[in-house]
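**Q** what would the 3D arrangement of this be:
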Amino acid sequence: MDDTNESENETVVTLISPQRLEEICLESVALNLSILCEIVDRPYYCFQETTSNTSWSKPMVIYRLFNRDDEKRVQQFKLSTPDPYYIPPRICESLLSHLSATNRLNDNSITIFSDPICTKLESVNINNTPIRDGLPTLINHSIKELFANNLLNAKLDDLCAVLLIHRKTVENLTKLHISGIKSDDADFILPFPNLTQLNISNTEFNNDNLIQLYEQTSNIKDLDISSTRVTILNGIENFSLSLTRLSAYNLTLCETDEDITQNIQIILECHQLIYIDVSIDITPLNTDLQFQFTEQLLSNLDPISIPNLRNLDISGFAEFRAKLLLNFVDRFKNLTCIGLMSSPLCHTRMDELMKRGIILSGDATAAQILESMKRYKNRRKYVQRILHSWFNLGDPANETPNINMIDDIINVMDYNSDSSSVQLAGSACLYNASKSPHCSKLHTTILSRVANSVIQSMSLFPRLLQLQKNCLLTLCNDRILNCVQFNFYDGARNALSAVAIHNDVVLHRLSVAVCYILASKVNRVETELLASTRNMRNLVKIVESKLNANSSDTLLRFTLSTLWNLTDESEKNCSTFIDVSGLEVFLKVVTNFHSSKFILNKVLGLFNNIAEIHSLQHHLVEEEVLNEIIKLSNVSDYGLKVSYFSIGILSHLMHSGGTHSVYDEHDLSSIIDSTMDEWAVQDEVMVAYRSFIPLVSLLQCSQCAGAHRWSIWAIHHVCTRKPQRYDLY
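**A** As a prediction, this is how the structure comes out:
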């Protein structure tokens, strides 16, 4: 038996963001991929360096794929279907993206897309994945769009080796996102003539590579060279007839006066530009040259040279004159958005700019913060400032929670999983966004993402006390704990780990409050993993400290409930509890808190778990212990709950015959009968059972009438008070 939490009976109206049917189906397929697929052998491919002549002046070193050895085979996933099948490309691409987003895409799982006839791919998303040996899966697909940002193992050479095999891919590839990719070749050769969108940010791409880029592909409309080694924009002007979006965040474009003049002049030559981002990282103070760059940019950009400009991002440049910015806005009538993150003007000139119909990305208002979150999730310093601003701004209780903001917070926490400051600020924001009364307005799928996100943060930074508190505060929510599906085991495991690492009373109270619920939701194997000697000893120590302080606060009560639930139907866990002196401590609790029915209820519940296990019953079969249990069975003195558990202990001990050395079984049976005669009908659910095995076992002894009666009463009670929990029985 385990402790029960009645808050799960509450009726909750969900108002926001139900999960789409397609998302549910994709998650089901991803979760059961190994069941839906059979494993077959495929040839092993490896990379071989060759040289190929190109249409431009320099020979190109590329990597071709070949079958290394027929005797060396690797496993491939193939959908198990009796008949030929065809999955539409959009569904295939959605499944691939879902596998990537949920960290399930690897060298094995990507092989389900090996057959381009059955599983055709045109848009491929393998962002943030460890794929390398699985890349040959893409050989036979005619790929038009490839998103391969921040690959963990593959390099640019590996990627090009695959893409160059298929002639149609070389001809048809229009979008290539390879941010953060590593390359063994400093030339960054990208021989895809019809590229229109290229993201090569956060790489070693340099000035020479930028000049050579036009010789490889001449139709680029959208170019992102942020955080590269480019300092002079030479070569950009070659795309003057096609380039509409230029992202040049965090480039050193203003090292000298000459650089400033040259770079601004090159930008002016790109007449089709709609979007210009020359923002920089946030720093305490701008240099004189940075100030000069901003002033000249705002002064020199004119609608004659760049008539279609709608979006300018100069975030990070904090010091420039407001008059220059307002004049710039007046000149560009089609301007719709300005990036002013870290600039005081997003606060002081906000009303004037909004009157002109300008959308601002900054940190002054909720609207600005939401816009900033969409733009800057991969900019760590920006994200930290955005999250702090959102937290300080607060979320008014009478407003509907901003689902987009919650999604964005989770996304930036995932993207910046190695940053403790981002995790700390993000966890605080998630707590604010999901606490009451917002929680009742959020759909369970949103709350599930919130719960799993904070659990991941706890795993990443277990020694950061405030982060652990933020995450536990978020989880310590009746709706999340009782109505939402998430990783219960990891939640409980991290909570117990926090108890072991941190000597903090507030954290301990939050941890055991979470574990008390989650321990009853995990399976038996996971329960035994949670009830390690270390964890059980730490929990017993908490009980002992409260015993010494004579304090029956919530920490003691939650800890007693956690131990009760961890020992439910587990001989190993009950044995561990006894080994760490838990039984001795609990007997002292009975003595010290004899007048607290609430505490006695939990202690006797755990004693019931021990009494259910034949090999451990001898620990309870002592005259002093039995006398105390019989005394506690008096319903008029201690109430029905305490009496129920006391009689349960006696029933189990009598059933095994272990009490005959102390009490006559006939006398015990009479005590059980006379006590139960005084029990009244109870509407409240007193207990929950993981299974009826301990109760049914009592019915198999023909000599234990009192135990029979208690067992039948217990089954009837829980089945009539909460039938939905036991409908499988």
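
**Q** only C-alpha atoms from now on, for both contacts and neighbour counts.
**A** Fine.

**Q** which strand or helix spans the residue nearest the centre of the chain?
**A** Central residue of the chain (Cα atoms, centre = their mean): residue 453, 2.8 Å from the mean position. For residue 453, the element it lies in under DSSP states H and E is helix 444-460.

**Q** check which residues of the next helix or strand after that helix are buried.
**A** Sequence-wise, the next helix or strand downstream of helix 444-460 (DSSP H and E) is helix 465-475. Of the residues in helix 465-475, 465, 467-475 count as buried by neighbour count, 16 or more other Cα atoms under 10 Å.

**Q** for the chain, give me the ranges with low pLDDT.
**A** Applying pLDDT under 70 to the chain picks out residues 4-19, 41-75, 82, 285, 395-401, 436, 657-662, 702-703, 727-729.

**Q** picking up where we left off before, who's in contact with the helix holding residue 453?
**A** 14, 17-19, 403, 406, 410, 413-414, 417-418, 423, 427, 430, 434, 439, 467-468, 471, 474-475, 480, 483-487, 490-491, 494 (Cα atoms under 8 Å, 6 or more residues apart in numbering).

**Q** check stretch 212-223 too.
**A** For stretch 212-223, contacts defined as Cα under 8 Å, 6+ apart pick out 56, 189-200, 235, 238-239, 242-247.

**Q** how far does that stretch stretch from start to finish?
**A** One end of stretch 212-223 to the other measures 14 Å (Cα to Cα, to the nearest Å).

**Q** for stretch 183-203, same thing?
**A** The first-to-last residue distance of stretch 183-203 comes to 9 Å (Cα to Cα).

**Q** one step back: mind giving me the PyMOL command for buried ones among the contacts of helix 444-460?
**A** Of the contacts of helix 444-460, the buried ones can be selected in PyMOL as follows, counting by 16+ other Cα under 10 Å:
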select buried, resi 406+410+413+414+417+423+427+430+434+439+467+468+471+474+475+480+483+484+486+490+491+494
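
**Q** among the contacts of helix 444-460, which are in helices?
**A** Among those, DSSP state H puts 403, 406, 410, 413-414, 423, 427, 430, 434, 467-468, 471, 474-475, 480, 483, 490-491, 494 in helices.

**Q** quick one: contacts for residue 688?
**A** Going by Cα under 8 Å, 6+ apart, the list of residues near residue 688 reads 1-4, 718.

**Q** quick one: which of the residues you listed is nearest residue 607?
**A** Ranked by distance to residue 607 (Cα to Cα), the contacts of residue 688 are led by residue 1 at 10.2 Å.

**Q** what's the closest non-adjacent residue to that closest one?
**A** Leaving out its chain neighbours, the residue that sits closest to residue 1 by Cα to Cα, 6 or more residues apart in numbering is residue 689, at 4.5 Å.

**Q** if you tally nearby residues, what's the number for that neighbour?
**A** By the criterion of other Cα atoms under 10 Å, residue 689 has 20 neighbours.

**Q** likewise the one 4 residues further on?
**A** One way to gauge burial is a neighbour count; for residue 693, by other Cα under 10 Å, it gives 11.

**Q** what segments of the stretch 301-450 of the chain are strands?
**A** Using DSSP state E, counting those that start in this stretch, the strands of the stretch 301-450 of the chain run over 311-313, 337-339, 359-361.

**Q** what lines up beside the first one in the sheet?
**A** Just to be clear, that refers to strand 311-313. When sheet partners are counted by DSSP bridges, strand 311-313 sits next to strand 275-277 (parallel), strand 337-339 (parallel).

**Q** most tightly surrounded among these?
**A** By mean neighbour count, with neighbours taken as mean count of other Cα atoms under 10 Å, strand 337-339 ranks first of these at a mean of 24.

**Q** what comes into contact with it?
**A** With Cα under 8 Å, 6+ apart as the test, strand 337-339 has contacts from 310-315, 358-362.

**Q** can you put those in TSV and add distance to residue 184 and neighbour count?
**A** Shown next, in TSV, are the contacts of strand 337-339 (distance: Cα to Cα, whole Å; neighbours: other Cα atoms under 10 Å):
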residue	distance to residue 184	neighbour count
310	38	18
311	36	20
312	35	20
313	33	22
314	33	21
315	33	22
358	44	19
359	42	19
360	40	26
361	37	26
362	38	30
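
**Q** could I get those in a markdown table, plus columns for distance to residue 265?
**A** Formatted as a markdown table, those follow (distance: Cα to Cα, whole Å):
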| residue | distance to residue 265 |
| --- | --- |
| 310 | 19 |
| 311 | 18 |
| 312 | 16 |
| 313 | 17 |
| 314 | 17 |
| 315 | 20 |
| 358 | 26 |
| 359 | 27 |
| 360 | 26 |
| 361 | 26 |
| 362 | 27 |
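
**Q** how about a markdown table for the strands paired with strand 311-313, with distance to residue 569 added?
**A** Below are the strands paired with strand 311-313 laid out as a markdown table (distance: least, Cα to Cα, whole Å):
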| stretch | distance to residue 569 |
| --- | --- |
| strand 275-277 | 62 |
| strand 337-339 | 59 |
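
**Q** of all those strands, which one is nearest residue 585?
**A** Proximity to residue 585 (Cα to Cα) singles out strand 337-339 among these, at 62.0 Å.

**Q** would you mind measuring from residue 122 to residue 91?
**A** 11 Å.

**Q** helices of the stretch 451-600 of the chain, residue ranges please.
**A** 465-475, 478-483, 488-501, 505-518, 524-530, 533-549, 554-566, 571-579, 582-592, 597-611 (DSSP state H, counting those that start in this stretch).
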